[in-house]
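1. Give me a 3D structure for the following:
(one chain, ligands or ions: 1)
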Amino acid sequence: MKTLLKLSQIVTMDARRRVIAGGGLVVSGNVIESVLSANELRDLRFDGEVIEAGALVAIPGFIQTHIHLCQTLFRGLADDLELLDWLKLRIMPYEAAHTAQSLRASAMIGIAELLRSGTTTIMDMGTVHHEEEIIRAVAETGVRAFVGKAMMDVNELHPPLRESTKDAIRTTREYAEHAHGLANGRIRYAVAPRFILSCTDALMEEAYEMTQSFPGMLFHTHAAENKHEMTAVRSRCGMDNVEYFDRINILHQNTCLAHCIWLNDREVDLMAERDAKVLHCPSSNLKLGSGVARIPLLRAKGVTVSLGADGAPCNNTLNIFEEMRLAALIQKPGHGPTAMDAQSVFEMATLGGAATLGISNEVGSLEPGMKADLVLLDLNKAWNPYSPQSDSELYSSIVYSCSPENVDSVMVDGRWVFRGSQHLGIDEHKIVESAKNELRLLLPRVSG
Ligand SMILES: [Zn+2]
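-> This is a model prediction of the structure:
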């Protein structure tokens, strides 16, 4: 089955960063077969489904590399706290109260929000138990994902939410064997020790070692997020987060570190030397009062940076447009208005995400042979610019003006998951009702 999309513009993100006006995309199965200029489209003889989308702009599906689907249910229940209190008083007790049913409800509303706002690929950090529910929700809804249960073999913040090193490794291996490569490769695994303060050295080392026995597996954790966390890490390890990861030899090209706000200069260089990846979460960093990551410096040193909304309770949305806008804006007071221009930020949300996840040959751009993960935007809204859009105006419109209301349709792996502003395959009313019900049942189970 082939589909031809006729489009107003195609933002390809190919090596030449071509934006094609009046062109077309041919999707065959789950792959982009061809990207056509206006002239090529005029001459094309096509036998298949034709979608006339001449008012819409096609862009690569957005990639968010740091998400916690397990926390979506707790949106609005943990506001205005700093990281360690946020974890100790709210998030860890809530996560510990999850059942399989409540975790599924949390994952479903998270994925529904991500898809309808144009995010087609995520890297998720789950909680300690019931990871199978997140894998099932990802499989059913069609989002592309690296999944991984949170590993914690130390937990002074909320002791009930931990497991033995042996159990953390064993269950992770079981989930990894099941999920890595599932759904024709759409689902993959990233081992996810939560952060230094919840993991022994042995757990960190064994978790990293596991990535070596599965091709393409990633190592996903948090680092250098908060000043109090930094103090505790220094007192335990005698050094900072990234220095510690390097000392125990787990800082490599598949090491993906969320936040990286408080890196010292040596650590910035280490990130570049080891080709480790930064998962930048500007909304979360602002809302928890954590700080502003030195993204312009990291990028200037050649470090790959991507974007993520983090968990819904520290954001409180999973909306990539908000992350792009803030990623640009938060650097400007310190570095001037030309820092983090719109195109650079758009690249972080597409190509940067793909490079972070090691899947640049599959997603992040609209080119022949790439997976058909794409978003159709309607830029004919009152809040979008009105001029005929040049390439730079187009990036500006997407990064500075757009919101999820601009998302008309979303395709992942060749399948429409959102079309004409409606979910296909997700009954939004039903999952919202289920989420409300599961939260009502969960709250009495929470123990401080
Ligand atoms: Zn996080």
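2. Partner strands of the lengthiest strand in the chain, with direction?
-> For the chain, the strand with the greatest residue count under DSSP state E is strand 49-60. With DSSP bridges as the test, strand 49-60 is paired with strand 2-11 (parallel), strand 374-377 (antiparallel).
3. The ones you listed: which one's closest to residue 207?
-> Closest approach to residue 207 among those is made by strand 374-377 (33.3 Å; C-beta to C-beta). Just so you know, the C-beta spots here come from the backbone N, C-alpha and C atoms, and that holds for glycine as well.
4. got a list of contacts for that closest one?
-> With contact meaning C-beta atoms under 8 Å, 6 or more residues apart in numbering, strand 374-377 is reached by 5, 7, 25, 32, 53, 56-62, 118, 120, 366, 398, 402, 406-411.
5. residue contacts, the nearest residue to residue 339 once chain neighbours are set aside?
-> Among residues not flanking residue 339 along the chain, residue 331 sits closest, at 4.6 Å (C-beta to C-beta, 6 or more residues apart in numbering). Counting by C-beta under 8 Å, 6+ apart, residue 331 touches 292, 295, 296, 339, 340.
6. any chance you could map the strands in the stretch 151-300 of the chain?
-> Counting by DSSP state E, counting those that start in this stretch, the stretch 151-300 of the chain has strands at residues 187-193, 218-223, 255-259, 277-280.
7. Nearest to residue 431, out of those?
-> Comparing the strands of the stretch 151-300 of the chain by C-beta to C-beta, strand 187-193 comes nearest, at 19.6 Å.
8. What is that closest one packed up against?
-> helix 131-141, strand 144-147, strand 150-151, helix 165-179, helix 201-211, strand 218-223 (3 or more C-beta pairs under 8 Å, 6 or more residues apart in numbering; DSSP states H and E).
9. strand partners of the second one, parallel vs antiparallel please.
-> Note on strand 144-147: by DSSP bridges, its sheet partners are strand 119-124 (parallel), strand 187-193 (parallel).
10. and this protein, what are its domains?
-> 2-60+366-423, 62-357 (automatic domain parsing).
11. Deepest-packed of the ones you listed, please.
-> When those are scored by mean count of other C-beta atoms under 10 Å, the highest mean neighbour count falls to domain 62-357 (a mean of 21).
12. Off-centre distance for that one?
-> 8 Å (C-alpha atoms, centre = their mean, to the nearest Å).
13. Report the mean per-residue pLDDT for it.
-> Domain 62-357 shows a mean pLDDT of 97.
14. Show the end-to-end separation of it, please.
-> 13 Å (C-alpha to C-alpha, to the nearest Å).
15. quick one on the thing from earlier: can you redo the strands paired with strand 144-147 as JSON lines with distance to residue 258?
-> Putting those into JSON lines (distance: least, C-beta to C-beta, whole Å) gives the following:
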{"stretch": "strand 119-124", "distance to residue 258": "9"}
{"stretch": "strand 187-193", "distance to residue 258": "10"}
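16. Tell me where the longest helix sits in the protein.
-> The residue-count maximum for a helix in the chain (DSSP state H) belongs to helix 100-116.
17. Tell me the helices and strands packed up against it.
-> Against helix 100-116 (3+ C-beta pairs under 8 Å, 6+ apart) you get strand 62-68, helix 131-141, strand 407-412, strand 415-419, strand 422-423, helix 428-442.
18. So what angle separates the directions of the third one and strand 49-60?
-> If you take axes from the mean of the first three to the mean of the last three C-alpha atoms, to 10 degrees, strand 407-412 sits at 90 degrees to strand 49-60.
19. How about stretch 437-447, which residues are buried there?
-> Neighbour-count burial for stretch 437-447 flags 438, 439, 442 (criterion: 16 or more other C-beta atoms under 10 Å).
20. correct me, but residue 277 touches residue 358?
-> No: counting by C-beta atoms under 8 Å, residue 277 does not reach residue 358; the two are 9.1 Å apart.
21. any shared contact partners between those two?
-> Common contact partners of residue 277 and residue 358 (C-beta under 8 Å, 6+ apart): residue 253.
22. Identify the residues contacting the spatially most central residue of the chain.
-> For the chain, the residue nearest the mean C-alpha position is residue 64 (1.9 Å; C-alpha atoms, centre = their mean). Going by C-beta under 8 Å, 6+ apart, residue 64 touches 114, 119, 121-123, 306-309, 318, 320, 323, 349, 353.
23. Pick the one among these closest to residue 250.
-> Using C-beta to C-beta, those come closest to residue 250 at residue 123, 17.1 Å.
24. returning to that earlier point: which stretch among the strands of the stretch 151-300 of the chain approaches residue 362 most closely?
-> Across those, closest to residue 362 is strand 187-193 (C-beta to C-beta), at 10.6 Å.
25. Residues contacting that closest one, please?
-> Contacts for strand 187-193 (C-beta under 8 Å, 6+ apart): 123, 125-126, 135, 138-139, 144-152, 168, 172, 175-176, 179-182, 199, 203-204, 207-208, 210-211, 214, 216-221, 256.
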